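Trainee: Need a 3D model of the sequence below.
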Amino acid sequence: MEKEIRYNENLKEILDQIKIGAFLTVKSGEKVNTMTIGWANFGVIWNKPILMVLVRKSRYSFDLIEKARDFTVSIPVEIDLKKALSYCGSYSGRDVNKFKEAGLSLKESKSVVSPIIKNCDYHYECKIVFSQPMTSDNLESNIVDRFYSTNDYHTLYFGEILQSYKTVG
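Mentor: You can find the predicted model right below:
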């Protein structure tokens, strides 16, 4: 059972977990993939609650999210999914069925096409309202050196949060 929450409810707890890992799931056509993310940002832009996520161009999820209109973020806070997060951050959906190998179950979302990870506590369903590829032009050189030495830049996806809820019971 799910309980609706405000998008910014329990944000400290949620952001602390995102630093450790959360699942970004996207569906395009019949293809579904999830990946581990460690960076995200919540805020209000254009008078909308926004969850901004980043995906590198080299990732399998990049091809899917570029064709999709939405994504979900599922966050395990009280449930220990460290092994699954590690697996999904280490293997590509091009090569393996992450859901089967990591023991994750999908569940249909309430308002978007991309499903949620059933095994998690918190879920955000987001409609993509803007995306922007990163370049080195406006980044501090120490950030480029530390995170983009191979020129594998992220694209930023701004998702309007349509649903936010917590699994209870």
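
Trainee: Just give me the residue closest to the centre of the protein.
Mentor: Nearest residue to the geometric centre of the chain (C-alpha atoms, centre = their mean): L24, 2.5 Å.

Trainee: and it, what helix or strand is that in?
Mentor: Taking DSSP states H and E as the criterion, L24 maps to strand 22-28.

Trainee: Mind giving me the packing neighbours of that strand?
Mentor: Judged by 3 or more C-beta pairs under 8 Å, 6 or more residues apart in numbering; DSSP states H and E, strand 22-28 is in contact with strand 31-37, helix 60-67, strand 70-75, helix 82-90, strand 116-117. (C-beta placed from N, C-alpha, C; glycine too.)

Trainee: could these be laid out in CSV, adding distance to W46, mean pLDDT and mean neighbour count?
Mentor: Shown next, in CSV, are the helices and strands packed on strand 22-28 (distance: least, C-beta to C-beta, whole Å; pLDDT from 0 to 100; neighbours: other C-beta atoms under 10 Å):
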stretch, distance to W46, mean pLDDT, mean neighbour count
strand 31-37, 22, 97, 22
helix 60-67, 20, 95, 19
strand 70-75, 17, 98, 26
helix 82-90, 31, 95, 16
strand 116-117, 24, 98, 26
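
Trainee: So which of the ones you listed is nearest P133?
Mentor: helix 60-67 (10.2 Å; C-beta to C-beta).

Trainee: Within the sheet, what are the partner strands of the longest strand belonging to the chain, with directions?
Mentor: When the chain is parsed with DSSP state E, its longest strand is strand 154-167. Its sheet considered, strand 154-167 pairs with strand 2-4 (antiparallel), strand 48-56 (antiparallel), strand 122-133 (antiparallel) by DSSP bridges.

Trainee: shaky segments in this structure?
Mentor: Of all residues in the chain, none has pLDDT under 70.

Trainee: now with 90?
Mentor: Applying pLDDT under 90 to the chain flags the ranges 1, 119, 138, 168-169.

Trainee: so who does E125 touch?
Mentor: 70, 72, 109-112, 114, 116, 161-164 (C-beta atoms under 8 Å, 6 or more residues apart in numbering).

Trainee: For the residue lying farthest from the centre of the chain, give me phi and psi.
Mentor: Of all residues in the chain, S141 sits farthest from the chain's C-alpha centroid, using C-alpha atoms, centre = their mean; the distance is 26.3 Å. Taking degrees, to the nearest 10, you get phi -60, psi -30 for the backbone angles of S141.
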